[in-house]
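*Asks:* Mind looking at a prediction? Sequence and model below.
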Amino acid sequence: ASVGTAVPVTLIPGDGIGPEVTNAAKRVLEAAGARIEWHEHIAGKQVFLAGNRTGVPQETLDSIASTRVALKGPLETPIGYGGKSANVTLRKLFETYGNTRPARTIPGIATPFSHRNIDMVVVRENVEDLYAGIEHMQTPGVAQCLKLISQKGCEKISRLAFEVARAEGRRTVTCVTKANIMKLTEGMLKRTFEAVATEYPDIEAQYMLVDNCAHQLVRSPESFDVLVTTNMNGDILSDLVSGLVGGLGIAPGANLGKHAAIFEAVHGTAPDIAGQDKANPTATLLSAVMMLRHLGQFEVADKVDKAVALTLEKGPRTGDISGDQPPCGTQAFTDAVIANLG
Ligand code: NAD
């Protein structure tokens, strides 16, 4: 029997494959006995097309402000509408300054690294750096982009990385920057990280340049535990890390801030397979597992996590990871996960 009352969570189905994969998560969580009361709201393409320039209606913002937790599908920003993407709007409004993406070797998924024991988390700064998108033309032939890095931002992301390490019983946090070239901006993270590290004597703090890190991630991915880095480095490295363990179909993520936590797969709307029952819901299911842990529903989280792992190991698997086996559909995969809940 489930104990405790249901927690309100905002559900944003999103665009493309979003409704298919979030519906899979909803079905699995319900079957697993998660104590969640879904508040479903829209964002993305249909909102832009209806004339809202932010892509996120006020009702959706109000819902996240009150639940403080959301599970969302990918959003499309149609070209020619809106000033910025709906994702950026959500990130800015709720100040989700940290993006965490775990990656681990999953038995049954063939990759060039399947025989390696990969288990790491990339903690990426999510609101600063070049992604503030402040650009201008200096002259007609020279463009400039401003790279903004604050000490406060560096402190928050460094602390988040150490807290993730502590919460998950991890031993090492590696700070990754290009501080040898950008001594002030990238160097700000390195210096701040070193100061914050003194507050976490139980966790080993390491430092690495980003180019060497990309090299080491391929040479010895099992040697990494928690990585913390600036926005653009993190964007690139976290995709690299997703690729090491099986790609976008299985890569979950969380956007964490003081005011809200928004859980979502790393992938986009996958327009090439949308509406065809082909999408792999694993990334969203594992994002939902992260959300359950955030909500303190650890037993249900473990149950779903194990059922997903078992399904991936035994098959059937969706086309993106089925290898030479016949692929199954989103619904059939979801049914198999539910059957494996035990
Ligand atoms: P994408 O992640 O949507 O697709 C890249 C490739 O991976 C495609 O071939 C797709 O079929 C495949 N793929 C992705 N997820 C999959 C899954 N769950 N199962 C099986 N295959 C999967 O990236 P894109 O094509 O660059 O972007 C498409 C749209 O998504 C764009 O409009 C982009 O802006 C948006 N996007 C949104 C988010 C978000 O909301 N968080 C993130 C990335 C991209």
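*Replies:* Yep, it's here.

*Asks:* confidence score at the closest residue to the ligand within the chain?
*Replies:* Minimum separation of the chain from the ligand (Cβ to the nearest ligand atom) falls at residue 268, amounting to 2.4 Å. (Glycine included, C-beta is placed from N, CA and C.) pLDDT, residue 268: 95.

*Asks:* Could you do residue 243 as well?
*Replies:* At residue 243, the model reports a pLDDT of 92.

*Asks:* Might you report the residue contacts of residue 254?
*Replies:* 99, 100, 101, 261, 262, 263, 264, 287, 290, 291, 294 (Cβ atoms under 8 Å, 6 or more residues apart in numbering).

*Asks:* Save these as TSV, and put in pLDDT too.
*Replies:* Supplementary listing: these in TSV, determined by pLDDT from 0 to 100:
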residue	pLDDT
99	97
100	97
101	96
261	97
262	98
263	98
264	97
287	98
290	96
291	98
294	93
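
*Asks:* got those residues as CSV, with distance to residue 14 columns?
*Replies:* Converted to CSV, these look like this (distance: Cβ to Cβ, whole Å):
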residue, distance to residue 14
99, 17
100, 20
101, 18
261, 17
262, 12
263, 12
264, 8
287, 12
290, 17
291, 15
294, 20
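
*Asks:* Mind checking which of the residues you listed are buried?
*Replies:* Buried residues within the contacts of residue 254, counting neighbours by 16 or more other Cβ atoms under 10 Å: 99, 100, 101, 261, 262, 263, 264, 287, 290, 291.

*Asks:* who's in contact with the last one?
*Replies:* Residues in contact with residue 291 (Cβ under 8 Å, 6+ apart) are 9, 69, 71, 254, 261, 263.

*Asks:* which one is residue 105 nearest to, not counting chain neighbours?
*Replies:* Distances taken as Cβ to Cβ, 6 or more residues apart in numbering put residue 118 closest to residue 105, at 4.6 Å, once the chain neighbours are dropped.

*Asks:* Residue 107 is in contact with that neighbour, correct?
*Replies:* No. In this structure residue 118 lies outside contact range of residue 107 using Cβ atoms under 8 Å: 11.9 Å.

*Asks:* higher neighbour count, these two?
*Replies:* Set residue 118 next to residue 107 and count neighbours by other Cβ atoms under 10 Å: residue 118 wins out with 21 against 10.

*Asks:* The ligand contacts on the stretch 51-200 of the chain?
*Replies:* With the criterion set to Cβ under 6 Å from any ligand atom, the stretch 51-200 of the chain comes near the ligand through 74, 75, 76, 87.

*Asks:* close enough to count as contact, residue 17 and residue 283?
*Replies:* No. The pair residue 17 / residue 283 is not scored as a contact, 10.1 Å apart, by Cβ under 8 Å.

*Asks:* which of these two has more neighbours?
*Replies:* Set side by side, residue 17 and residue 283 show more neighbours around residue 17, with 29 against 25, by other Cβ under 10 Å.

*Asks:* Switch the residues of the stretch 51-200 of the chain next to the ligand over to TSV; also include neighbour count and pLDDT.
*Replies:* Listed next are those as TSV, based on neighbours: other Cβ atoms under 10 Å; pLDDT from 0 to 100:
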residue	neighbour count	pLDDT
74	26	98
75	27	97
76	22	95
87	23	89
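
*Asks:* what two of the residues you listed have the greatest distance between them?
*Replies:* Using Cβ to Cβ, those span at most 10.0 Å, a distance reached by 76 and 87.

*Asks:* Strands of the stretch 1-150 of the chain, residue ranges please.
*Replies:* Here the stretch 1-150 of the chain has its strands, by DSSP state E, counting those that start in this stretch, at 7-12, 36-40, 69-72, 98-104, 119-125, 135-139, 142-145.

*Asks:* wait, which of the ones you listed is closest to residue 158?
*Replies:* Residue 158 lies closest, by Cβ to Cβ, to one member of the strands of the stretch 1-150 of the chain: strand 119-125, at 8.8 Å.

*Asks:* Quick test: name the residue nearest the centre of the chain.
*Replies:* The residue lying closest to the centre of the chain (Cα atoms, centre = their mean) is residue 253, at 1.8 Å.

*Asks:* Isn't that one up against residue 261?
*Replies:* No. Using Cβ under 8 Å, residue 253 is not in contact with residue 261; the gap is 11.1 Å.

*Asks:* Could you list the buried residues of the worst-scoring helix or strand of the chain on mean pLDDT?
*Replies:* Every helix and strand of the chain was ranked by mean pLDDT, DSSP states H and E. The lowest is helix 86-93, at a mean of 89. For helix 86-93, burial by neighbour count (16+ other Cβ under 10 Å) applies to 86, 87, 88, 89, 90, 91, 93.

*Asks:* go on, stretch 229-247?
*Replies:* Quick answer for stretch 229-247 (16+ other Cβ under 10 Å): 229-235, 237-238, 240-247.

*Asks:* go on, stretch 269-287?
*Replies:* Of the residues in stretch 269-287, 269-270, 273-274, 278-287 count as buried by neighbour count, 16+ other Cβ under 10 Å.

*Asks:* Among those residues, which pair sits farthest apart?
*Replies:* Using Cβ to Cβ, the pair of the buried residues of stretch 269-287 lying farthest apart is 274 and 286, separated by 20.3 Å.
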